[in-house]
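K.L.:
what shape does this take:
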Amino acid sequence: MKTTYRGCEIEVIREDGVLFFNVFDDGFEVTSGFSESSDTVRDFIKGLKELVDDYREHPEDYINYIDI
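P.N.:
Numbering: from 1, shown residues only. Sure thing, here's the model as predicted:
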(Lines give C-alpha, C1' and ligand atoms only; values in the text may rest on other atoms or scores of the structure.)
Protein backbone atom coordinates (compact mmCIF):
# COMPACT_ATOMS: atom_id res chain seq x y z
CA MET A 1 0.00 0.00 0.00
CA LYS A 2 1.30 3.45 -0.91
CA THR A 3 0.23 6.80 0.47
CA THR A 4 1.49 10.36 0.70
CA TYR A 5 1.56 12.15 4.03
CA ARG A 6 2.91 15.65 4.66
CA GLY A 7 4.81 15.49 1.38
CA CYS A 8 6.43 12.12 2.10
CA GLU A 9 5.78 8.94 0.16
CA ILE A 10 5.07 5.98 2.45
CA GLU A 11 4.97 2.40 1.21
CA VAL A 12 4.26 -0.73 3.24
CA ILE A 13 3.75 -4.22 1.87
CA ARG A 14 3.37 -7.60 3.56
CA GLU A 15 5.12 -10.52 1.94
CA ASP A 16 5.34 -13.98 3.52
CA GLY A 17 4.27 -12.53 6.87
CA VAL A 18 6.93 -9.79 6.88
CA LEU A 19 6.19 -6.07 6.53
CA PHE A 20 8.56 -4.18 4.22
CA PHE A 21 8.43 -0.40 4.46
CA ASN A 22 10.01 2.79 3.20
CA VAL A 23 9.48 6.52 3.58
CA PHE A 24 10.87 9.01 1.06
CA ASP A 25 10.85 12.80 1.03
CA ASP A 26 11.57 14.13 -2.47
CA GLY A 27 14.04 11.31 -3.17
CA PHE A 28 15.64 11.41 0.31
CA GLU A 29 15.20 8.11 2.17
CA VAL A 30 13.86 8.95 5.61
CA THR A 31 13.68 5.30 6.66
CA SER A 32 13.26 1.81 5.26
CA GLY A 33 13.38 -1.72 6.50
CA PHE A 34 11.28 -4.68 7.50
CA SER A 35 9.37 -5.90 10.52
CA GLU A 36 7.86 -9.17 11.63
CA SER A 37 5.11 -7.20 13.36
CA SER A 38 1.62 -8.62 13.38
CA ASP A 39 0.21 -5.10 12.80
CA THR A 40 -1.96 -4.62 9.75
CA VAL A 41 -0.46 -2.64 6.88
CA ARG A 42 -2.81 0.25 7.72
CA ASP A 43 -1.81 0.27 11.39
CA PHE A 44 1.88 0.16 10.45
CA ILE A 45 1.35 3.14 8.15
CA LYS A 46 -0.20 5.03 11.08
CA GLY A 47 3.03 4.49 13.00
CA LEU A 48 5.08 5.70 10.05
CA LYS A 49 2.93 8.83 9.88
CA GLU A 50 4.00 9.56 13.46
CA LEU A 51 7.60 9.13 12.34
CA VAL A 52 6.98 11.60 9.49
CA ASP A 53 5.56 14.09 12.00
CA ASP A 54 8.79 13.79 14.02
CA TYR A 55 10.87 14.05 10.83
CA ARG A 56 9.09 17.26 9.85
CA GLU A 57 9.65 18.70 13.34
CA HIS A 58 13.30 17.55 13.67
CA PRO A 59 14.74 16.86 10.19
CA GLU A 60 18.30 17.18 11.48
CA ASP A 61 17.80 13.92 13.41
CA TYR A 62 17.32 12.03 10.15
CA ILE A 63 20.36 13.22 8.22
CA ASN A 64 23.56 11.17 8.43
CA TYR A 65 26.72 13.22 8.11
CA ILE A 66 29.83 11.45 6.90
CA ASP A 67 33.22 13.05 7.53
CA ILE A 68 35.67 12.18 4.78
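
K.L.:
hmm, Arg6 is touching Glu57, no?
P.N.:
No - counting by CB atoms under 8 Å, Arg6 does not reach Glu57; the two are 10.4 Å apart. For glycine as for every other residue, the C-beta is placed from the backbone atoms N, C-alpha and C.

K.L.:
those two: who's more crowded?
P.N.:
Neighbours around Arg6 and Glu57, counted as other CB atoms under 10 Å, are more numerous at Arg6. The numbers are 11 against 8.

K.L.:
separation between the more buried one and Val30?
P.N.:
Distance, Arg6 to Val30, using CB to CB, to the nearest Å: 11 Å.

K.L.:
what residues do the two have in common as contacts?
P.N.:
Common neighbours of Arg6 and Val30, using CB atoms under 8 Å, 6 or more residues apart in numbering, are Val52.

K.L.:
show me where this protein has strands.
P.N.:
2-5, 8-15, 18-25, 28-35 (DSSP state E).

K.L.:
near Gly17, how many other residues are there?
P.N.:
Gly17 has 8 nearby residues by other CB under 10 Å.

K.L.:
pretty sure it contacts Ser35?
P.N.:
No - using CB under 8 Å, Gly17 makes no contact with Ser35, being 10.5 Å away.

K.L.:
residue contacts, Asp61?
P.N.:
Listed by CB under 8 Å, 6+ apart, the contact set of Asp61 reads Asp54, Tyr55.

K.L.:
go again with 6 Å.
P.N.:
Contacts for Asp61 (CB atoms under 6 Å, 6 or more residues apart in numbering) come out as none.

K.L.:
one more: Tyr62?
P.N.:
For Tyr62, the contact set (CB under 6 Å, 6+ apart) comprises Val30, Tyr55.

K.L.:
ok, 8 Å please
P.N.:
Val30, Thr31, Tyr55.

K.L.:
could you measure it against Glu36, distance?
P.N.:
Per CB to CB, Tyr62 is found 24 Å from Glu36.

K.L.:
now swap in Val18 and tell me
P.N.:
Distance, Val18 to Glu36, using CB to CB: 6 Å.
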